[in-house]
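# from the sequence below, what's the structure:
(one chain, ligands or ions: 1)
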Amino acid sequence: MTDINLHRSVELFAPAKINLFLHVLRRRADGYHDLETWMQKLDFGDTVELHLRNDGLLGLVCSDPSLPTDRSNLAWRAAEEFFSADRRGKGYGVDIRIDKRIPVAAGLGGGSSDAGSVLRGLNRLFDNEFSRAELCAMALRLGADVPFFVVEDDAVVAEGVGEVMYPAQSLREYHVLLVNPGFSVSTRWVFENLGLTRTLKESKLASFRKDAPALPSLGALSNDLERVTLAQYPELASIKDNLLEAGAELALMSGSGPTVFGLFSDLSTSAVEVRAIADRLKRKFGKMVFVARANGGA
Ligand code: ATP
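Modelled structure (predicted):
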């Protein structure tokens, strides 16, 4: 064990994400899909605490009893990934404590965010040993969405299987109303049922980048995965309709679903009005409804 003056513990906010746009470009020969997506972090999320230990072991506790507390938890694998690359932490281990608020398998990136937080937190405890690029390489080995939770940007556009990211415009002046219907959807199932007919779509990425001349109209944004999930769960279409009727500028499913979100501009809807809409939707659908801001918790 290297004798270094380390901080012993750290607490991190692990934000949920929404996909403001998700475009499936093609199915690749290796079975993965090339995507284009505009991802936005929210101020709604989990809390991840890390406590270093001196015995080289890993430990994990999670407030959600349905989640695994061993190697099959992505946060655990993130710690393994960090320690196997680490040059200073030989002999150290970590206890991870996750306070789970992000619904699981909901299209909100919960597991990826917890994993990204573990990488960021361990790097902080080990005196920023790794560059952001090195952390992103570790993150990508854990999953396509994990690098987004390692970088500082509130919003990115990502392409490929998530390995290429550019800072994107962040919708900080919007309220985000999330409606989770209370069941989970497997991302793998959605992709297996996508049945892509076209093999190549034209990239629209440039218009979403931070340096783009103008923000595209939000109403024109779409998620190619809705086709599969909405066909199976028609109530999601009804939630979308209700959000639009309530004045949302955009109502879309996030990721592979099933969470649906509505965007309400500060200019048109006050925080009090958004709360009232949330209460109404909760009464109508009896589901988990959350109000958030698109600022990654900053
Ligand atoms: P994905 O698109 O990666 O499936 P998602 O946001 O839809 O993301 P997650 O909440 O990350 O879904 O959960 C996906 C799966 O990952 C679940 O089956 C869950 O058991 C597993 N998992 C492993 N670790 C975690 C974690 N820390 N938090 C949530 N889920 C986790």
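# ok and the residue in the stretch 151-298 of the chain nearest the ligand?
residue 187 (3.7 Å; Cβ to the nearest ligand atom). The way it works is simple: take the backbone N, C-alpha and C, and place the C-beta from them, glycine included.
# and if you look at the chain?
For the chain, Cβ to the nearest ligand atom, closest residue to the ligand: residue 111, 2.8 Å.
# so how far is the helix or strand containing that residue off the chain centroid?
Under the criterion of DSSP states H and E, residue 111 resides in helix 110-125. Helix 110-125 has its C-alpha centroid displaced from the chain centroid by 12 Å (Cα atoms, centre = their mean, to the nearest Å).
# same check on stretch 108-123?
Here stretch 108-123 is found 10 Å from its chain centre; the criterion is Cα atoms, centre = their mean.
# send me it as PDB with only the CA atoms.
Provided in PDB are the C-alpha atoms of stretch 108-123 (Å, rounded to 0.1, in the frame of the first residue of the first chain):
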ATOM      1  CA  LEU A 108     -33.100   7.200 -16.500                       C
ATOM      2  CA  GLY A 109     -29.500   5.800 -16.400                       C
ATOM      3  CA  GLY A 110     -29.500   5.000 -12.700                       C
ATOM      4  CA  GLY A 111     -27.000   2.200 -12.700                       C
ATOM      5  CA  SER A 112     -24.700   4.100 -15.100                       C
ATOM      6  CA  SER A 113     -24.800   7.200 -13.000                       C
ATOM      7  CA  ASP A 114     -24.000   5.200  -9.800                       C
ATOM      8  CA  ALA A 115     -21.000   3.700 -11.600                       C
ATOM      9  CA  GLY A 116     -19.900   7.100 -12.900                       C
ATOM     10  CA  SER A 117     -20.000   8.500  -9.400                       C
ATOM     11  CA  VAL A 118     -17.900   5.700  -8.100                       C
ATOM     12  CA  LEU A 119     -15.200   6.400 -10.700                       C
ATOM     13  CA  ARG A 120     -15.300  10.100 -10.000                       C
ATOM     14  CA  GLY A 121     -15.300   9.700  -6.300                       C
ATOM     15  CA  LEU A 122     -12.500   7.200  -6.200                       C
ATOM     16  CA  ASN A 123     -10.500   9.400  -8.400                       C
END
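# tell me the contacts of the residue of the chain closest to the ligand?
Going by Cβ atoms under 8 Å, 6 or more residues apart in numbering, residue 111 touches 73, 74, 75, 104, 143.
# put the buried members of these into a ChimeraX selection.
Selection command for ChimeraX covering only the buried members of these, criterion 16 or more other Cβ atoms under 10 Å:
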select :73,74,75,143
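# from the contacts of residue 111, which two are the most distant?
Comparing every pair within the contacts of residue 111 by Cβ to Cβ identifies 104 and 143 as the most remote, at 14.5 Å.
# circling back to that earlier point, quick one, what contacts the residue of the stretch 151-298 of the chain closest to the ligand?
Taking Cβ under 8 Å, 6+ apart as the test, what residue 187 contacts is 105, 255, 256.
# quick one: pLDDT of the last one?
So that's residue 256. pLDDT for residue 256: 92.
# element containing it, please.
Using DSSP H and E, residue 256 falls outside every helix and strand.
# run a quick neighbour tally on it.
When neighbours are defined as other Cβ atoms under 10 Å, residue 256 has 24 of them.
# you'd agree it is up against residue 185?
Yes: using Cβ atoms under 8 Å, residue 256 makes contact with residue 185 at a distance of 5.7 Å.
# mind listing the shared neighbours of these two?
Joint contacts of residue 256 and residue 185 (Cβ under 8 Å, 6+ apart) are 107, 229.
# hmm, residue 167 is touching residue 158, no?
No: assessed by Cβ under 8 Å, residue 167 is found out of contact with residue 158, at 10.9 Å.
# out of the contacts of residue 111, which are inside helices?
Among these, the members falling in helices (DSSP state H) are 74, 75.
# what subset of the contacts of residue 111 is also close to the ligand?
73, 74, 75, 104, 143 (Cβ under 6 Å from any ligand atom).
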